[in-house]
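**Student:** Mind looking at a prediction? Sequence and model below.
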Amino acid sequence: MKTLIISDHGSFLTVKNKIFVLKKDKKKIAEISPSEVDEILITASILVSTQAIRLAISHGIDIIFLDIRDSPWGIILPSIATQTVKTRKRQYEAVINNETKYGEEIIRSKIYNQAVHLKYWARKGIRTDYNSLLTKYYNEEPTAARVYWGNLALILPKDINFQGRDVDSIDQFNLALNYSYAILYNRVMKYLFIAGLDVYLGFIHKDRSGNESLVFDFSEMFKPYVDFILVRAFREGFRLKVKEGLIDRDSRSELAKIIVKGLEEKVKEEDDHNPKSVNQAIRAHAVKFASSIREKRDYKGFRLVM
């Protein structure tokens, strides 16, 4: 997936001769053909012309907006959802009937992938307690989470001072997680929407007005790989510049590039001998998940092999 990242405040995205034109202070910075872009990620306060939005939609390009606290506040998607009515009717029925098997499989896959992530570092000579996630805590998500994040705290460089997962913390790694998950959420939202599912009705997270519960549910399986991308980057020397609890502009741009590139990496999956990128895996599983719900079949989640 090719991503155009716009992180410079005051930029202006417009169109000339059916080509995206990016400007700053009335000076042209770049010209980008829509054939070279799959998504546009906007992380700063900029202007976007209606012509640019129209060109993006006509080429199947989604536009994602993140605020200064790295939370997604909007996404523009082409209207290309499939089998929407049939899929959503079954989704509503499954939730009303409390068919817990879909949410349970997502959580099991998440814990499995967390264990695989820890096992990767164990093979690199770092002692981790990955086996307990697959034995003692496989069906105990809160305890599994404490074990997992406690292990990551030992894997990360000490100067990061990571004490565990806390969405409100302003340490570098928690801020990086918040930002990176926001990018993941928008990828997941796109593919769930295309698969015909209602992104606001989940099986795990509570329904709240404006809360994309199914996006948060489905993302759980893929978060451990995002965690891996970040841990690897921090162990290789990547650091964020943080001011007053916010990631500075240059760091946000660099972090976005790391995550976007990482989601293009090929991964292997249990019972699937054809490696695919993380983005392709998300798309494939969104279709598989929708089909399983629609046809009242069991769903097997995304399970990494590393």
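**Tutor:** Structure received.
**Student:** Next, work out how far apart Gly196 and Lys24 are.
**Tutor:** Counting by C-beta to C-beta, to the nearest Å, the gap between Gly196 and Lys24 amounts to 39 Å. Placement of C-beta: from N, CA and C, glycine included.
**Student:** Looking at those two, which has the bigger crowd around it?
**Tutor:** More neighbours surround Gly196 than the other of Gly196 and Lys24, with 22 against 15 (other C-beta atoms under 10 Å).
**Student:** where does the nearest residue to that one once chain neighbours are set aside land in three-state SS?
**Tutor:** Leaving aside its sequence neighbours, Gly196 sits nearest to Thr87 (C-beta to C-beta, 6 or more residues apart in numbering; 3.8 Å). Look at Thr87: counting by DSSP: H, G, I helix; E, B strand; the rest coil, its state is helix.
**Student:** Ramachandran coordinates for Ile170?
**Tutor:** Backbone geometry at Ile170, expressed as degrees, to the nearest 10, gives phi -110, psi 20.
**Student:** now Leu184
**Tutor:** phi -60, psi -50.
**Student:** same question, Ala30
**Tutor:** Main-chain torsions, Ala30, degrees, to the nearest 10: phi -160, psi 160.
**Student:** Can you pull out the low-pLDDT segments for this protein?
**Tutor:** The model of the chain has pLDDT under 70 over residues 1, 68-72, 79-82, 208-210.
**Student:** Can you give me the buried ones in stretch 189-196?
**Tutor:** The neighbour-count check on stretch 189-196 (16 or more other C-beta atoms under 10 Å) flags Met189, Lys190, Tyr191, Leu192, Phe193, Ile194, Ala195, Gly196 as buried.
**Student:** For it, output the C-alpha coordinates as PDB.
**Tutor:** Written as PDB, here are the backbone C-alpha positions of stretch 189-196 (Å, rounded to 0.1, in the frame of the first residue of the first chain):
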ATOM      1  CA  MET A 189     -12.200   0.400   9.400                       C
ATOM      2  CA  LYS A 190     -11.600   0.600   5.600                       C
ATOM      3  CA  TYR A 191     -11.600  -3.200   5.100                       C
ATOM      4  CA  LEU A 192     -14.500  -3.900   7.500                       C
ATOM      5  CA  PHE A 193     -16.600  -1.300   5.700                       C
ATOM      6  CA  ILE A 194     -15.700  -2.700   2.300                       C
ATOM      7  CA  ALA A 195     -16.600  -6.200   3.600                       C
ATOM      8  CA  GLY A 196     -20.100  -4.900   4.300                       C
END
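**Student:** Check the offset of it from the chain's centre.
**Tutor:** Taking C-alpha atoms, centre = their mean, to the nearest Å, the mean C-alpha location of stretch 189-196 is offset from the chain mean by 13 Å.
**Student:** So for the helix or strand hosting Lys257, what gets flagged as buried?
**Tutor:** Applying DSSP states H and E as the criterion places Lys257 in helix 249-262. The neighbour-count check on helix 249-262 (16+ other C-beta under 10 Å) flags Ser251, Arg252, Ser253, Glu254, Leu255, Ala256, Ile258, Ile259, Val260, Gly262 as buried.
**Student:** Just say helix, strand or coil for the spatially closest residue to Gly301 that is not a sequence neighbour.
**Tutor:** Setting aside the residues directly before and after it, Gly301 is nearest to Ser109 in space (C-beta to C-beta, 6+ apart), at 3.0 Å. Assigned with three-state DSSP, Ser109 falls in the helix class.
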